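>>> got a structure for you, letters missing:
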């Protein structure tokens, strides 16, 4: 069962809007276990819409078309459909009455092009549109199911939920339920993780395993089908257990959790408070924590000491240390963390110093970063990194790395 | 000149993300007058990627492909390209060196699948990727121009702006010239601005005027066409002058400038330094400034005092003030700004205190915000706001408002 979603509209090809209709439909079909093979977008041009329909007809079993059903000259979906399906267009009485009464109610004269919206394919199963004018249509023709929907997202979603999804489920005996979970890992690269899971990935077909890299971390999506939801979840759980046997040490949570939230939860569970001293990250580390509800339980405050002068004045880093080692140094990161802990009276202090770029600083290359950790009365720790990328990326990666370090230290 | 954009990736067909790459590319190509005829999305399946490439080859002159260039098993764009273009894949030495040195610098072992990212088509014009690993490629083959780009939006945009768009412009004699400028306003709402410009908006067809609201500010895009670029720019300049006659007091800059950059520039021009004291904004204000290159000339540092305890300890707000007025008060904001100025020895200090939500704090409603300004030895100023929206929106709006206040004070 191969599904294709065709978006009709020049506004999509001009980049005025993204094709969020295709995204939404795909995500709902995935919930029902109906696989989508292609998305196509074509502009308001009769020949090109026609040929997109013909392409789809050759390679797909279900074709869902959004857009091009409005009243204006450039709404061409019906005309292209007429050519490809070989069906006449007829007026749908109920729709026409509805359009007419809308204009009567608003004491406006209906322009003649509005009649167009009431035209449907002969023999089509008409899906009444309670959110707008043009109805949806459901047509079986030569072994292909054609579903025509308006492009306005609210109308499209209404017709999908109300008619299309329930009918697809009953017509296609979707005896399989689909469930999916995203496992989140930090401290391991995508390719390294894939190598460690190689055997599992090649053996598995249900659930499938899809690694997905994002800034500074990796997700692994497990998607399973089963006769019941419970059966599908059982498959996900079994596979998850096997995966965690291999790479469990990097796992921090599932689905929508972020590593910042995980760190907040760990701090809270252990009754610990945290403070920060940030140079080139400029407050970005603490800002992520403060952005979370409930942060005030664990997050007290911090310093942003961007210049060397501020590191002396506010964080009491000695002038001697700065002239000897520079501010971008192991030594400076250590003192920043240690002094922050005692100045703020917090359990844990974290410090960031480095070169965000684009230029060198103190003769050091962009991307060079030191992160200091002072936890309770333990020996302070300093970690050195060399990040690549522009100014924003270096700063973002450093902050993410800070959370990674805290996660691995706190989960113990 | 028919352009097609192909997005490769099952995550698109599952609806996990929208095809915003195609939207962005289309919108940039529209700026250059290069028409896009099709968007296609296909999953990580070799046969289907191959056949999408073949379809595109038949109907398009320029094919831009995003995604499927990563290191993993399901990155299949190279393999499909090899089949359709009939070109061998060869290792690109500079890319391989870059990948290897990344692993060396970070003292990690490179897994073998990373080599894949350095493979390019024989004879391809390689577009070096400064934001990531896999390079872009530009290939002329049998009258079709193939452009391969990574799917990570930041990397794709970097390669488009740096290499692809300038080359397309010089290779294809674009005959009507299109130019566009975004005018940026702060301190006026979208509907108010639109009302003030109503006559101009209805009269104008070339340039067109398109107002666009974003978080806390309004943009107005002017787009003009002309036989020459100079002619088109002249139209934009004339209209801009008329617009600024109406709403010039809110105008802070054009195109890609942000209000944060404008404030940085004004501080720099006046030789002033700034520091901050942030409560519920958690460092977000100063972070925006530190994110800009050259920030160290004007931005010294700041305090994040999230809890009442920190406001006492770090910012020396008196216990009496806090018990009398609370931390979410005119009085607290004033003292925070005043003390920050003297503690840091900066010319200007700005303070933020308020309730981000979702819950009340000290009996005050979410959205209540005080912003304090201490400029030189002037009388301190405090502004009170009631923002609506969730936690993130309240924090973002407060920070934007801080920049708006600084802009209007500094430009005098």
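Structure received. What you see is a predicted model, and the numbers here were worked out from it, not measured in a lab.

>>> Domains in chain A, by residue range?
A:3-171, A:177-254, A:259-410 (automatic domain parsing).

>>> Quick one: the ones you listed as TSV, columns for mean pLDDT, mean neighbour count and distance to residue B:58 too.
Every residue, glycine included, has its C-beta placed from N, CA and C. Formatted as TSV, those follow (pLDDT from 0 to 100; neighbours: other Cβ atoms under 10 Å in any protein chain shown; distance: least, Cβ to Cβ, whole Å):
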stretch	mean pLDDT	mean neighbour count	distance to residue B:58
domain A:3-171	92	19	10
domain A:177-254	89	17	31
domain A:259-410	95	21	38
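
>>> State the distance from residue A:291 to residue B:369.
16 Å (Cβ to Cβ, to the nearest Å).

>>> same question, residue A:410
Remark: distance between residue A:410 and residue B:369 (Cβ to Cβ) = 32 Å.

>>> swap in residue A:232?
On the measure of Cβ to Cβ, residue A:232 and residue B:369 end up 47 Å apart.

>>> Do a quick rundown of the helices in the stretch 301-412 of chain A.
A:308-313, A:319-325, A:330-344, A:391-410 (DSSP state H, counting those that start in this stretch).

>>> Can you say which of the ones you listed is nearest to residue A:157?
Closest to residue A:157 of those, according to Cβ to Cβ: helix A:391-410, at 34.1 Å.

>>> is that closest one anywhere near chain B?
Yes: using Cβ under 8 Å from any Cβ of the partner chain, helix A:391-410 comes into contact with chain B via A:391-393, A:395.

>>> wait, which of these is closest to residue A:200?
Among the residues of helix A:391-410 next to chain B, and counting by Cβ to Cβ, the member closest to residue A:200 is residue A:393, at 31.0 Å.

>>> Specify the beta-bridge partners of residue A:383.
Judged by DSSP bridges, the bridge partners of residue A:383 are residue A:371.

>>> Isn't it up against residue A:405?
Yes: counting by Cβ atoms under 8 Å, residue A:383 touches residue A:405, with 6.4 Å between them.

>>> Now the common contact residues for those two.
A:371, A:373 (Cβ atoms under 8 Å, 6 or more residues apart in numbering or on different chains).

>>> any idea which element the closest residue to residue A:140 other than its chain neighbours lies in?
Excluding the flanking residues, the one nearest residue A:140 by Cβ to Cβ, 6 or more residues apart in numbering or on different chains is residue A:146, at 7.8 Å. Using DSSP states H and E, residue A:146 sits in strand A:144-149.

>>> Could you do residue A:202 as well?
Element membership of residue A:202, judged by DSSP H and E, is helix A:198-203.

>>> what sits up against that helix?
Here helix A:198-203 has contacts from A:194, A:209, A:211, A:239, A:242-243, A:246, B:73, using Cβ under 8 Å, 6+ apart.

>>> Next: stretch A:160-180.
By Cβ under 8 Å, 6+ apart, stretch A:160-180 touches A:1, A:25, A:28-34, A:62, A:64, A:127, A:130, A:136, A:138, A:145, A:147, A:149, A:221-229, A:231-233, A:236.

>>> Out of these, which sit inside strands?
Counting by DSSP state E, the part of the contacts of stretch A:160-180 found in strands is A:62, A:64, A:127, A:136, A:138, A:145, A:147, A:149, A:221-226.

>>> all helices of the stretch 151-300 of chain A, in order?
Using DSSP H, counting those that start in this stretch, helices in the stretch 151-300 of chain A cover A:153-159, A:165-171, A:190-196, A:198-203, A:229-247, A:259-270, A:284-290.

>>> Does anything pack onto the longest one? Which helices or strands?
For helix A:229-247, the packing partners by 3 or more Cβ pairs under 8 Å, 6 or more residues apart in numbering or on different chains; DSSP states H and E come out as strand A:177-185, helix A:190-196, helix A:198-203, strand A:217-226.

>>> 7 Å instead?
strand A:177-185, helix A:190-196, strand A:217-226 (3 or more Cβ pairs under 7 Å, 6 or more residues apart in numbering or on different chains; DSSP states H and E).

>>> quick one, it and strand A:217-226 angle?
150 degrees (axes from the mean of the first three to the mean of the last three Cα atoms, to 10 degrees).

>>> follow-up on the earlier one: tabulate the domains of chain A (CSV), appending distance to residue B:343.
Formatted as CSV, the domains of chain A follow (distance: least, Cβ to Cβ, whole Å):
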stretch, distance to residue B:343
domain A:3-171, 47
domain A:177-254, 34
domain A:259-410, 8
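
>>> so which of these comes closest to residue B:118?
With Cβ to Cβ as the criterion, residue B:118 lies closest to domain A:177-254 of these, at 12.8 Å.

>>> From the chain's centroid, how far away is that closest one?
Offset of domain A:177-254 from its chain centre (Cα atoms, centre = their mean, to the nearest Å): 17 Å.

>>> One more: stretch A:297-315?
34 Å.

>>> same question, stretch A:392-401
19 Å.

>>> hmm, who's touching it?
A:215-216, A:280-281, A:284-285, A:288, A:352, A:354, A:356-357, A:366-367, A:369, A:371, A:385, A:387, B:291 (Cβ atoms under 7 Å, 6 or more residues apart in numbering or on different chains).

>>> these two touch, right, residue A:46 and residue A:78?
No: using Cβ atoms under 7 Å, residue A:46 makes no contact with residue A:78, being 10.5 Å away.

>>> Tell me which of the helices and strands packed on helix A:229-247 lies nearest to residue B:90.
Here helix A:190-196 is closest among those (Cβ to Cβ), at 20.7 Å.

>>> what about the closest one, near chain B?
Yes: for helix A:190-196 and chain B, the contact criterion (Cβ under 7 Å from any Cβ of the partner chain) is met by A:190-192, A:194-195.

>>> packing partners for that helix?
Under the contact rule (3+ Cβ pairs under 7 Å, 6+ apart), helix A:190-196 is packed against strand A:208-214, helix A:229-247.

>>> ok, 8 Å please
When contacts are defined as 3+ Cβ pairs under 8 Å, 6+ apart, helix A:190-196 packs onto strand A:208-214, strand A:217-226, helix A:229-247.

>>> tell me the angle of the last one relative to strand A:208-214?
Read it as helix A:229-247. Using the same axes, to 10 degrees: helix A:229-247 against strand A:208-214 is 60 degrees.

>>> Now do helix A:229-247: everything it contacts.
A:176-181, A:183, A:185, A:188, A:193, A:196-197, A:200, A:204, A:206-207, A:209, A:220, A:222, A:224-226, A:251.

>>> if I look at the closest residue to residue A:152 other than its chain neighbours, how far off is chain B?
Nearest non-adjacent residue to residue A:152, counting by Cβ to Cβ, 6+ apart: residue A:132, 5.9 Å away. Relative to chain B, residue A:132 is positioned 22 Å away (Cβ to the nearest Cβ, to the nearest Å).

>>> And for residue A:141?
22 Å.

>>> residues contacting that residue?
Residue A:141 makes contacts with A:85, A:87, as judged by Cβ under 8 Å, 6+ apart.

>>> Give the bridge partners for it, please.
residue A:144.

>>> now residue A:121
residue A:89.

>>> who are the neighbours in contact with it?
A:78, A:81-82, A:85, A:87-90, A:137, A:139.

>>> any idea how far the closest residue to residue A:325 other than its chain neighbours lies from residue A:365?
In this structure, residue A:325 finds its nearest non-sequential neighbour in residue A:331, 4.4 Å apart by Cβ to Cβ, 6+ apart. To residue A:365, residue A:331 is 18 Å away according to Cβ to Cβ.

>>> on that earlier part again, thought the residue nearest to residue A:140 was touching residue A:61?
No: using Cβ under 8 Å, residue A:146 is not in contact with residue A:61, being 10.6 Å away.

>>> ok, now which ones touch residue A:209?
Contacts of residue A:209 (Cβ under 8 Å, 6+ apart): A:197, A:200-201, A:220-222, A:239, A:243.

>>> Tell me what it is bridged to.
Counting by DSSP bridges, residue A:209 forms beta bridges with residue A:222.

>>> All the helices of the stretch 1-150 of chain A, residue numbers only.
A:10-13, A:20-31, A:46-59, A:77-85, A:93-105.
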